[in-house]
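> Sequence below, structure please.
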Amino acid sequence: MDTVALFAGVIGLSPREGAERLSAAGVPIFPCKPAEKRPLTEHGFHDATSDSDQVARWWARWPQANIGMPTGRASGIEVVDIDVHGRVRGFAAFELARREGLVDRWQALVKTASGGMHAYYPAEPDRVQPSWQAACAGIDFRGEGAYVIVPPSQVLFEGNRSTYELIGAGRGDAAPIDGAALRQFLDPRPTPAIRAPAGAEREVDVERIASWLATRGEGERNRALYWAACRLAENGITDQNARHALGPAAERAGLHQAEIVATIRSAYRTGVGQVAPFRIRAGSTGSRALNGEIAL
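Residues are numbered from 1 along each chain as shown. Next up is the predicted model:
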């Protein structure tokens with residue numbers, strides 16, 4: 001489906017008008033509570049349909065209902081959800097993944113109510129990818145068994161209604177993403193040997209993590225450093241001490257000093273600090289900025 005054209009076509013429409021436009025285009029949708037994300041139908045996203053008569057009945061009953069769309073096989077769309085919640089800012093992690101070529105070929109970018117973003121990708125018909133959450137990175141993957149709220153819905157956030165709206169288009173080369181590879185990049189797991197035994201106090205073994213990091217090879221050392229820095233941040237270790245602890249190990253793994261500093265800073269900004277600059281440039285539908293800058 002042409003996500004950009006569809007979402008551009010519902011700008012300024014009421015929820016009822018938007019639902020009619022989407023269903024007419026063959027998009028399976030279902031109603032959610034006005035100003036919220038909770039489904040109004042008994043079976044939630046499992047009730048989604050593109051049947052125009054059913055959609056008309058739903059929005060005649062709930063004219064201000066928000067619009068939900070299932071992800072995965074039902075719609076042929078998968079979504080990377082960049083979260084903004086409390087101290088968690090997912091844009092830094094998304095930028096790292098973009099540099100690795102894991103999320104750079106999106107169809108559309110949609111602003112969410114919290115100031116986060118949904119990046120839309122075509123799903124591969126023959127590959128079912130489960131949904132998951134990488135909480136430390138502030139990234140959710142919406143594949144099979146999930147749904148998203150779509151434009152022109154509005155959700156109440158911090159006392160104000162905020163509209164889901166199209167803010168960027170892809171470069172015309174949209175492609176499916178590998179959800180498993182993205183998850184491994186955002187939250188790579190070291191060998192079981194560094195994990196605390198069941199029932200033990202949760203604490204971080206910095207020396208063991210650094211030793212593990214030093215043995216990582218090309219292709220995994222950057223995401224291993226990111227994972228290690230996230231673990232240290234979660235345990236209250238300052239970014240300066242993290243650089244002292246992890247820097248030499250990362251150098252032994254083959255990373256340059258500039259890469260090490262940038263990756264550790266990104267990990268700390270994602271988990272405990274402010275978001276890295278992020279702005280849409282190439283393929284944008286306008287000059288609207290979202291939390292900074294991204295060079296495409």
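
> Is Phe157 bridged to anything, and to what?
Asn160 (DSSP bridges).

> How many residues are close by it?
14 (other CB atoms under 10 Å). Glycine gets a C-beta too; all of them are placed from N, C-alpha and C.

> Return the distance of Gly254 relative to Phe141.
Here the distance between Gly254 and Phe141 works out to 29 Å (CB to CB, to the nearest Å).

> next one: Ile29
Per CB to CB, Ile29 is found 21 Å from Phe141.

> Domain map for the chain?
If you go by automatic domain parsing, the domain ranges for the chain are 3-183, 188-272.

> If we ignore the residues flanking it in sequence, what's nearest Asp104?
Nearest non-adjacent residue to Asp104, counting by CB to CB, 6 or more residues apart in numbering: Arg98, 4.8 Å away.

> Surely that neighbour is within a helix?
Yes - under the criterion used here (DSSP: H, G, I helix; E, B strand; the rest coil), Arg98 sits inside a helix.

> remind me which residues of the stretch 101-250 of the chain are low pLDDT?
Scanning the stretch 101-250 of the chain for pLDDT under 70 picks out the ranges 189-204, 218-219.

> rerun at 80
For the stretch 101-250 of the chain, applying pLDDT under 80 flags the ranges 135-136, 158, 187-205, 216-220.

> And the helices in it?
In the stretch 101-250 of the chain, helices defined by DSSP state H, counting those that start in this stretch lie at 179-186, 206-214, 221-234, 239-253, listed in chain order.

> Include distance to Ala93 and mean neighbour count when you put those into TSV, please.
Output for the helices of the stretch 101-250 of the chain, formatted as TSV (distance: least, CB to CB, whole Å; neighbours: other CB atoms under 10 Å):
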stretch	distance to Ala93	mean neighbour count
helix 179-186	6	20
helix 206-214	18	18
helix 221-234	8	23
helix 239-253	16	18
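
> okay if I get the ones you listed as TSV plus distance to Leu13?
Listed next are the helices of the stretch 101-250 of the chain as TSV, based on distance: least, CB to CB, whole Å:
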stretch	distance to Leu13
helix 179-186	31
helix 206-214	51
helix 221-234	41
helix 239-253	45
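
> Show me the strands in the stretch 1-150 of the chain, by range?
Shown for the stretch 1-150 of the chain, the strands assigned by DSSP state E, counting those that start in this stretch span residues 30-32, 66-70, 77-82, 84-85, 88-89, 108-111, 117-122, 132-134, 139-142, 147-149.

> Tell me which of the ones you listed sits nearest to Ala214.
With CB to CB as the measure, strand 132-134 is the member of the strands of the stretch 1-150 of the chain nearest Ala214 (24.0 Å).

> Since that was my last question, I'll sign off now.
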